[in-house]
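*Asks:* need coordinates for the below:
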Amino acid sequence: MSGFDNPYSTTVTVSANYTVAPTDYVILATGSPTITLPVPATGAESFSVATPTVPTGSIGRHLEIRNVGAGTVTVAAPAGGSQVDAGASFTLATGVHGAILVSDGAAWWSVSRV
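*Replies:* Predicted coordinates:
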């Protein structure tokens, strides 16, 4: 799959709290925002206009989040019991630190942190 046929191919830059959208793939963060992950779910891939931040069928979905600024970025699990790396959140320190995350349909897991 190339970036051109990847349904999660958008790169966004944020400096305030942000909830990941269904089409986000790379999030570049400056300042000290909290990046809230979408709810991981099983099932067929679909998106709702009414709730665009909660895709279903996110098994295997990858996200790349990078701190490109001077603040500390918090990566937070969505409300409702989902987790990220078996917890509620983790932080990316100041200065070009990042994480690659993957969903198993129930939680988000770091497959790489730099």
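
*Asks:* what number of residues lie near Val114?
*Replies:* 9 (other CB atoms under 10 Å). The way it works is simple: take the backbone N, C-alpha and C, and place the C-beta from them, glycine included.

*Asks:* quick one: it and Ser9, what's the gap?
*Replies:* 21 Å (CB to CB, to the nearest Å).

*Asks:* low-confidence ranges in the chain?
*Replies:* 1-8, 41-57, 96 (pLDDT under 70).

*Asks:* all strands of the chain, in order?
*Replies:* 10-14, 18-19, 24-29, 34-36, 62-67, 73-76, 89-92, 97-103, 108-113 (DSSP state E).

*Asks:* any idea which of those is most buried?
*Replies:* Mean neighbour count (mean count of other CB atoms under 10 Å) peaks for strand 73-76 among the strands of the chain, with a mean of 23.

*Asks:* what strands line up against that strand, and which way round?
*Replies:* Using DSSP bridges, strand 73-76 pairs in its sheet with strand 34-36 (parallel), strand 89-92 (antiparallel).

*Asks:* reformat those as JSON lines; add distance to Val26.
*Replies:* Converted to JSON lines, those look like this (distance: least, CB to CB, whole Å):
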{"stretch": "strand 34-36", "distance to Val26": "12"}
{"stretch": "strand 89-92", "distance to Val26": "14"}
